[in-house]
Every structure is written in C-alpha cells, then in structure tokens.
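Asks: Mind looking at a prediction? Sequence and model below.
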Amino acid sequence: MASYIKSMTEGKPGKLILTFALPLMAGNVFQQLYTVVDTAVVGKFPGVNALAALGASDWLNRMMLGIIQGFTQGFAILMAQELFLSPDSLPPTSFTAGWKSLPPPMAIP
C-alpha cells in the first residue's frame, strides 16, 4: 500500500494553507446547506411547531459538533507529535488514550 504524505513545510505557504483549508471550508458549506434544507423542509411540511422545536434543539447539535471537533483536533496534534517523534509506534498511545477518554456513548464502535 503506497502512502501519500504531503509536506506542509516545503513550498508556497499560501498554496499549502489553501489546499489544507479547502476541505474544511467545503465541510462547513455542506453543514450550512444541510441546515437550510432541513429548515425549509421542516417549515414547509410538518409546520410551525416542528420548526420551533428544530430551532430550540439546534444548539445541542452545534454544541456536540463543537465538542467532537475539539476532541479530534486535540487528538490530531498529539498523534502527529507521537508519529513525528517515533514513527515505529503504531498505533500511537495518544490514539488509545483519546479513545478511552470519550464519553461512553461516543466510544462505542
């Protein structure tokens, strides 16, 4: 199996940052598009009460997404440091420690 590793330290910084950020921006655009379509569908078919319920519970969705993204970004830093320092230690201990620190419903595979 061939591995593709892109060096983020060599080349033009603007191009590297843009190629790194484009998938993240695309993910955010799709998340916003999902929210708009969900609001339109719920507002059109089930009615105003369902739309109010959706608006009242949307904060929970955003909070969970924020927590999960925070965990994954923190674990990515730890894993990158371990892989950079000792590439022979697979899987990194930060991965197993991070997996065990998740709340029980999130850690179930």
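Replies: Arrived safely. Numbers count the residues shown, from 1 in each chain.

Asks: center of the chain, which residue is that?
Replies: Centroid check for the chain by Cα atoms, centre = their mean gives Gln69 as the closest residue, at 4.4 Å.

Asks: Now for that one: which residues touch it?
Replies: Neighbouring residues of Gln69 by Cβ atoms under 8 Å, 6 or more residues apart in numbering: there are none. Any C-beta I mention is one placed from the backbone N, CA and C, and that applies to glycine too.

Asks: On the three-state scheme, it is what?
Replies: Following DSSP: H, G, I helix; E, B strand; the rest coil, the label given to Gln69 is helix.

Asks: any idea how far Leu24 is from it?
Replies: 10 Å (Cβ to Cβ, to the nearest Å).

Asks: Kindly report the same for Gln32.
Replies: From Gln32 to Leu24 the distance is 13 Å (Cβ to Cβ).

Asks: what's the answer for Gly70, then?
Replies: Distance, Gly70 to Leu24, using Cβ to Cβ: 14 Å.

Asks: Equivalent analysis for Ser57, please.
Replies: On the measure of Cβ to Cβ, Ser57 and Leu24 end up 25 Å apart.

Asks: does Asn28 count as helix, strand or coil?
Replies: Secondary structure, three-state DSSP: Asn28 is helix.

Asks: ok, how many other residues are close to Phe71?
Replies: Around Phe71 sit 16 other residues, with neighbours defined as other Cβ atoms under 10 Å.
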